[in-house]
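> With the input below, show me the fold.
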Amino acid sequence: MADLRMPDLNKVFLAGRLTADPELRYISTGSAVCTLRLAVSRIYKSRDGERKEDTLFINVDTWEKTAEFCANNLRKGRPIIVEGVLKSDSWEDKATGQKRSRIDVRALRVQQLDWDDRSGPRPAPAPEATPEPKPSEEPIPEDDIPF
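Reported below is the predicted structural model:
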């Protein structure tokens, strides 16, 4: 019998403004990680015609060259577009002992936007994130290539 399940897909595109300057840090392996705090708004009219706005605040993590680019080139208020994947984090709250969780975005690409000034040159995109290698994707030493 054929498997009728839909294939899994974890991909997100977000456009919004930074609510704070990027936060760059280096983890114990020496890898650069930069956290971006992004506000994404949806404007709509309610049934009675009133203008409404819903805003989501989302943490976005960038890695390596993309992280360093973001830390050096982006500032609070800057509009950006992010392509990434959702990631989940859970922990136990030390104060209450309750389980806590949140969903963040791991950026694969970050692009500056020019929502306010369309007359200037186009900003350069951040370098693309390189995916973390999986054990089966480790490079083969050239000596082992059979040709």
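> hmm, who's touching stretch 37-47?
By CB atoms under 8 Å, 6 or more residues apart in numbering, the residues outside stretch 37-47 that reach it are 14-20, 51-60, 80, 82. (Each C-beta comes from the backbone N, C-alpha and C, glycine too.)
> dump the residue contacts of the residue nearest to Tyr26 when sequence neighbours are not counted.
Once flanking residues are discounted, Tyr26 sits nearest to Ala32: 5.7 Å by CB to CB, 6 or more residues apart in numbering. Ala32 sits next to 24-26, 63-65, 67-68, 71 when contact means CB under 8 Å, 6+ apart.
> and the helix or strand hosting Arg100, how far out from the chain's middle?
When secondary structure is defined by DSSP states H and E, Arg100 falls within strand 99-112. From the chain centre to the centre of strand 99-112 is a distance of 4 Å (CA atoms, centre = their mean, to the nearest Å).
> got a list of contacts for it?
Contacting residues not belonging to strand 99-112 are listed as 12, 14, 36, 58-63, 66, 69-70, 73-74, 78-93, 123-126, 128-129, 131 [CB under 8 Å, 6+ apart].
> quick one: strands adjacent to that strand?
The strands beside strand 99-112 in its sheet (DSSP bridges) come out as strand 51-63 (parallel), strand 79-92 (antiparallel).
> how about those strands in CSV, adding mean neighbour count, mean pLDDT and distance to Leu4?
Converted to CSV, these look like this (neighbours: other CB atoms under 10 Å; pLDDT from 0 to 100; distance: least, CB to CB, whole Å):
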stretch, mean neighbour count, mean pLDDT, distance to Leu4
strand 51-63, 15, 95, 33
strand 79-92, 14, 95, 24
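> Which one of these lies nearest to Gln98?
Proximity to Gln98 (CB to CB) singles out strand 79-92 among those, at 7.2 Å.
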